[in-house]
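Peer 1: Provide a 3D model corresponding to the input given below.
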Amino acid sequence: MPSDHLTRRSLLQGSAAIAAAAPALVPTGAAAARPTAKEGTGMIPVELTVNGREVHLQLDPRTTLLDALREHLHLTGTKKGCDQGQCGACTVIVEGRRINSCLTLAVMHDGDKVTTIEGLGTPEKLHPMQRAFISHDGYQCGYCTPGQICSAVAVLDEIAAGIPSHVTPDLDKVSLSNSELRERMSGNICRCAAYPNIIAAMNDVAGETKA
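Peer 2: Below is the predicted model of the structure:
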């Protein structure tokens, strides 16, 4: 069409035709390079010894140890509280040390020994710390109790091993005291405020009574 006969209608029609043809102009390589929604992360084999039993799991590498215990092994005694490492409800014992299981990935503990509240004792044969918590009423609602007990067991082991804390006055002589217990247990929150009874239970297990 001659330029002197160009109209608004013909201009719009020509623009629409060009726009419709545009997808065909995209190079094949560029289209293939686009990520697709189906792309995902492969599963990774993880072996753990949980409460004395060997387990073999296939996990998404983003799975936390807490979710592996609760969702894959169905050990629901370990609780999910804040999921940010601030409340201590998810405390378990890994290779003899207490950790917040919500802050660590399961794949990081491949081959490790993990002890949860279910592994400390059973209703028929309670762990001494479990018995002490019952005797001293060291719980109320009970939600934080599994983490409190696991942490308390590990705390007494820390003191026995001579590992100092922030309040230890003499780094060469670590001894049990109420201030040591309170400091070391400060990462385990009890919203029912059963703290005095928890300290009493720990002193009972340690074989000492502090004023």
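Peer 1: on the three-state scheme, the residue most central in space within the chain is what?
Peer 2: The centre of the chain sits closest to residue 102, judged by C-alpha atoms, centre = their mean, with a distance of 1.0 Å. Three-state assignment for residue 102 (DSSP: H, G, I helix; E, B strand; the rest coil): helix.
Peer 1: so what's it up against?
Peer 2: By C-beta atoms under 8 Å, 6 or more residues apart in numbering, the contact set of residue 102 is 64, 65, 66, 80, 82, 83, 84, 85, 90. The C-beta positions use only the backbone N, C-alpha and C, and glycine is treated the same way.
Peer 1: hmm, try it at 6 Å
Peer 2: Applying C-beta atoms under 6 Å, 6 or more residues apart in numbering to residue 102 gives the contacts 64, 66, 83, 90.
Peer 1: what about the first one, neighbour count?
Peer 2: Put plainly, it is residue 64. Residue 64 has 22 neighbours, counted by other C-beta atoms under 10 Å.
Peer 1: state the distance from residue 85 to residue 102.
Peer 2: 6 Å (C-beta to C-beta, to the nearest Å).
Peer 1: list the residues that are in contact with both of those two.
Peer 2: Taking C-beta under 6 Å, 6+ apart as the contact rule, residue 85 and residue 102 touch no residue in common.
Peer 1: re earlier: filter the contacts of residue 102 down to the buried ones, PyMOL style.
Peer 2: Entered in PyMOL, the line below selects the buried ones among the contacts of residue 102, by 16 or more other C-beta atoms under 10 Å:
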select buried, resi 64+66+90
